[in-house]
Structures are given as structure tokens and as C-alpha cells.
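Visitor: how would this look folded up:
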Amino acid sequence: MALAFRTCYIIFRSDELLVNYTAYSNINWVQMGGTFLLLVSSSLLLKYAPHHYKLKRIVTLLFVLFVLCITLSVSYTFSLHNTKNNLMMFLVGIVTVSLFFSLELVEIVGASVFIVLLYSTLIIRAGISINDQIMNIFAGFILGFILYSFSRYSYYFKSQHFVRLKQLEEKNQEIERLLIQQGEILGFVAHDLRNPLNNIEALSGMLYEENPNEELRHIMVATDKAKSMINDLIVAIKTDTVELDKQAENLNSFLEAVVQKWKSNSARNVTLQIAEEAVYAPINAYKMERVLDNLISNALKFSATDQEVAVSLTTRPENILIQVADQGIGIPENLIPFIFQQFSQAGRTGLNGEKSLGLGLHISKKIMHQHGGDLLVRSKENQGTVFTISLPLVIS
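Guide: Residues are numbered from 1 along each chain as shown. Sure thing, here's the model as predicted:
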């Protein structure tokens with residue numbers, strides 16, 4: 001505002017534009033000079049003594065008193081040296097100080113007393129009648145009380161907000177520490193469990209070759225399943241996002257190989273529908289196969305043996321879609337928001353009693369995010385489920 005006034009004067013060059021121009025011009029120069037000095041001092045303070053708390057409080061208090069004095073002087077000058085006519089600028093200064101400065105109790109009491117004394121001094125020197133002086137001095141005490149009340153009210157809310165932020169920050173730090181500890185414990189357990197399982201798998205394999213029987217086969221299957229669960233656990237607890245090594249792959253051939261593998265290893269009906277034109281995308285073949293294996297496995301797990309599982313590949317203007325659809329029992333609507341969560345409680349037992357850790361879909365979605373894509377679901381209870389892999393379409 002001070003710069004705007006000075007600019008207008010330079011353009012129009014008319015002292016008659018404003019009553020008491022000379023007084024206001026002097027205040028204007030003081031305002032610009034004082035503001036410049038305070039900005040320079042605060043900048044130097046932040047640069048060379050950023051942790052000097054008392055010095056910061058002194059500079060802040062000086063700035064507050066400067067703002068109050070300037071706005072009071074402007075109001076006094078505009079009112080033709082009669083404060084009963086116009087106190088608008090002073091009220092603006094009070095509100096500004098209350099909203100934008102956080103003053104401690106001693107500081108705001110001192111500032112309020114100082115501004116009341118300054119205001120009363122100006123009233124006494126204004127040359128107005130005794131009655132007007134008494135009324136204006138009384139108004140000055142009211143203004144001082146307003147300054148104190150507004151400032152303490154604002155300070156209370158700022159302090160409450162600060163306390164809540166600190167509490168939230170501490171809780172977030174505690175949660176982060178707990179998550180790290182949980183990951184370390186689970187990782188330690190998972191790694192230590194793999195060694196004995198490898199020994200059990202090797203010994204049972206040797207015994208099965210010498211004497212094949214159903215008990216040894218069950219041990220081998222259970223061991224393989226336990227190793228798979230441990231591998232999923234290790235992947236799930238990793239907090240870092242690893243950059244995948246991706247190569248351009250023909251998705252038509254890739255999907256044909258995956259579906260053929262499932263047809264060879266299962267008596268279930270897994271179909272594939274793809275376009276004749278080859279579709280290419282940069283993928284990590286091992287990770288993508290893991291996602292598809294998980295989706296197809298889930299589809300078979302929750303479908304009757306006579307129901308087919310359909311895999312399809314389509315392209316859109318923006319992305320590539322790979323869908324795995326089944327006609328099984330579907331997912332209840334209340335569970336859909338939770339199925340991608342880590343250790344999800346939305347996991348259910350398969351139609352043949354298959355159990356789950358609730359990690360497969362979480363890992364699959366994580367892998368798709370590493371590909372720059374996504375994993376989506378659409379399902380209705382008793383009407384089947386469709387999982388959609390979305391990959392960005394790369395135009396060569």
C-alpha cells in the first residue's frame with residue numbers, strides 16, 4: 001500500500017490530492033524504510049542464526065509494534081488529527097497482528113499496554129476537548145483489550161493446531177517404526193524357515209525316488225506350498241519399490257504359453273481369446289507370469305470344475321487389457337474394497353478347502369504398479385469375477 005501511494009504521487013505530482021499530505025508522506029517513508037530494515041534483519045537472522053529463539057522473538061515483537069504504530073499513525077493522519085473520525089487502518093493493523101503473529105502472553109500484554117499509552121498520548125496532544133479526550137482514551141483501552149483478546153484467541157487455535165500436528169507426526173513415526181520392526185521380524189522368520197524347508201524338500205524328494213508313496217508325495221506338496229507362501233511373505237514385506245527389468249514381449253505368444261501350461265497341468269477348462277495382430281508391451285516376463293498364475297489359480301479355486309476360466313487380450317487407444325474371467329462364486333460387495341490389502345482379511349477358503357494368506361492379490365497389484373499399470377476387479381456374488389490387468393500402450 002505504501003508503494004502504491006508513492007507511485008500515485010510520482011505519477012500525479014499533486015499535494016492537494018490528500019489532506020495532510022506532508023504528514024502522511026513522512027509516515028509513508030518511515031513505513032517503507034522500516035519494512036525494508038525489518039525484512040533485511042529477519043533474512044539475516046534466518047541465514048546466520050536460525051536457531052536463536054530469543055532473537056527471533058525480539059525481531060517478531062519489533063515487527064508487531066511497527067505494524068501497530070504505522071497503522072495507528074495512518075488512521076490518526078487520515079482523521080485530520082481527530083481520532084474519533086477514522087480508526088479503520090488501526091483496526092486493520094490489530095486484526096493483522098492477531099491473525100499472522102503468534103505472540104506469547106508477556107509479549108502481547110506489553111504490546112497492548114504500549115499501544116494504549118501511545119494512543120492516549122496522541123489523544124492528549126490532539127487539541128480536542130476534555131470530554132472528547134476522555135471518550136477517546138476509553139476507546140483506546142477498548143482497542144488494547146481487543147488486540148489482547150484477538151491475539152490470545154488466535155494463539156490458542158494456532159497452539160492447538162500445532163499440538164495436533166505434533167501428535168499426528170509422533171503417531172506416524174511410531175507407526176513407521178512398528179512397520180519396520182514388523183518387516184524385520186517377518187523377514188527374519190521367513191528367511192530362517194526356508195533353510196529347513198529346503199532340507200525337507202530335498203530329503204523327501206530323494207526318498208520318493210527310492211520308494212514312491214502317497215505320504216511322501218503329500219510332504220513334497222506341502223513343502224512346496226510352504227515355500228511359495230514364504231516367498232510371497234518376503235515379497236509383501238519389502239517396502240522399497242524395485243525397478244523391474246522389462247523387455248518388449250509379444251503378449252499373444254506370452255499368454256498362449258501361460259494358458260497352455262495351465263491346460264497341461266490341470267484338467268480344468270482354461271480358454272484364451274486374443275487378436276490376430278501381435279500386441280507388444282515392455283514387461284518383466286517372470287513377474288507378469290506370476291500375476292497371471294495367481295489370477296488363474298484364484299479363478300479355478302472359486303469356480304466349479306465344469307466352469308471355464310476365460311483369458312482375453314484386447315487393446316484400447318490408451319492401454320492394453322488382459323482379463324481373467326470366471327463364472328464362480330464371486331466376491332461379496334463388502335469385501336471388494338479390501339481384497340488388495342496386505343494380509344487381507346477378505347481372503348476366503350476355496351471350494352475345495354484351499355487356504356490363503358491374503359497376499360497374492362496384494363503382490364499382484366504391486367507388480368502391476370511397477371509396470372506402470374494397474375490391477376482392477378469387477379465382481380458380483382454368485383455371478384463370477386473379472387480381474388483386469390491394465391498396461392500402458394507403448395507406440396513404437
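
Visitor: next up, phi/psi of Gly373, please.
Guide: For Gly373, the backbone dihedrals are phi -120, psi -150 (criterion: degrees, to the nearest 10).

Visitor: what about the helices in the stretch 201-350 of the chain?
Guide: Assigned by DSSP state H, counting those that start in this stretch, the helices in the stretch 201-350 of the chain fall at 214-237, 251-265, 285-301.

Visitor: tell me what the first one is packed against?
Guide: Contacts defined by 3 or more CB pairs under 8 Å, 6 or more residues apart in numbering; DSSP states H and E place helix 214-237 against helix 130-210, helix 360-370. C-beta: built from backbone N, CA, C; applies to glycine.

Visitor: same thing with the second one?
Guide: Helices and strands in packing contact with helix 251-265 are listed as strand 270-273, strand 280-283, helix 285-301, strand 309-315, strand 319-326; criterion 3+ CB pairs under 8 Å, 6+ apart.

Visitor: thinking again about what came up before, confidence-wise, which of the helices and strands packed on helix 214-237 is weakest overall?
Guide: Averaged per stretch, pLDDT over those is lowest on helix 130-210, reaching a mean of 80.

Visitor: report the inter-axis angle for it versus helix 214-237.
Guide: Put simply, helix 130-210 runs at 160 degrees to helix 214-237, going by axes from the mean of the first three to the mean of the last three CA atoms, to 10 degrees.

Visitor: packing partners for helix 130-210?
Guide: Judged by 3+ CB pairs under 8 Å, 6+ apart, helix 130-210 is in contact with helix 88-100, helix 105-124, helix 214-237.

Visitor: and the angle from it to helix 105-124?
Guide: For helix 130-210 against helix 105-124, the angle by the same axes, to 10 degrees is 160 degrees.

Visitor: what's the spacing between helix 130-210 and its chain's center?
Guide: A distance of 13 Å separates the centroid of the chain from that of helix 130-210, by CA atoms, centre = their mean, to the nearest Å.

Visitor: sorry, back to before: distance to Phe162, mean pLDDT and mean neighbour count for the helices and strands packed on helix 130-210 - can I get that in a markdown table?
Guide: Shown next, in a markdown table, are the helices and strands packed on helix 130-210 (distance: least, CB to CB, whole Å; pLDDT from 0 to 100; neighbours: other CB atoms under 10 Å):
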| stretch | distance to Phe162 | mean pLDDT | mean neighbour count |
| --- | --- | --- | --- |
| helix 88-100 | 15 | 76 | 18 |
| helix 105-124 | 16 | 83 | 17 |
| helix 214-237 | 35 | 74 | 15 |
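
Visitor: adding distance to Gly205, write those helices out as JSON lines.
Guide: Formatted as JSON lines, those follow (distance: least, CB to CB, whole Å):
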{"stretch": "helix 88-100", "distance to Gly205": "75"}
{"stretch": "helix 105-124", "distance to Gly205": "78"}
{"stretch": "helix 214-237", "distance to Gly205": "6"}
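
Visitor: re earlier: quick check: which of the helices of the stretch 201-350 of the chain is nearest to Ser312?
Guide: Nearest to Ser312 among the helices of the stretch 201-350 of the chain is helix 251-265 (8.8 Å), distances taken as CB to CB.

Visitor: re earlier: tell me which of the helices and strands packed on helix 251-265 sits nearest to Thr96.
Guide: Within those, the stretch nearest Thr96 is strand 319-326; the backing value is 52.4 Å (CB to CB).

Visitor: need the contact partners of the closest one.
Guide: The contact list for strand 319-326, computed with CB atoms under 8 Å, 6 or more residues apart in numbering, reads 251, 255, 279, 281, 292, 295-296, 299-300, 302-303, 307-315, 373, 384-393.
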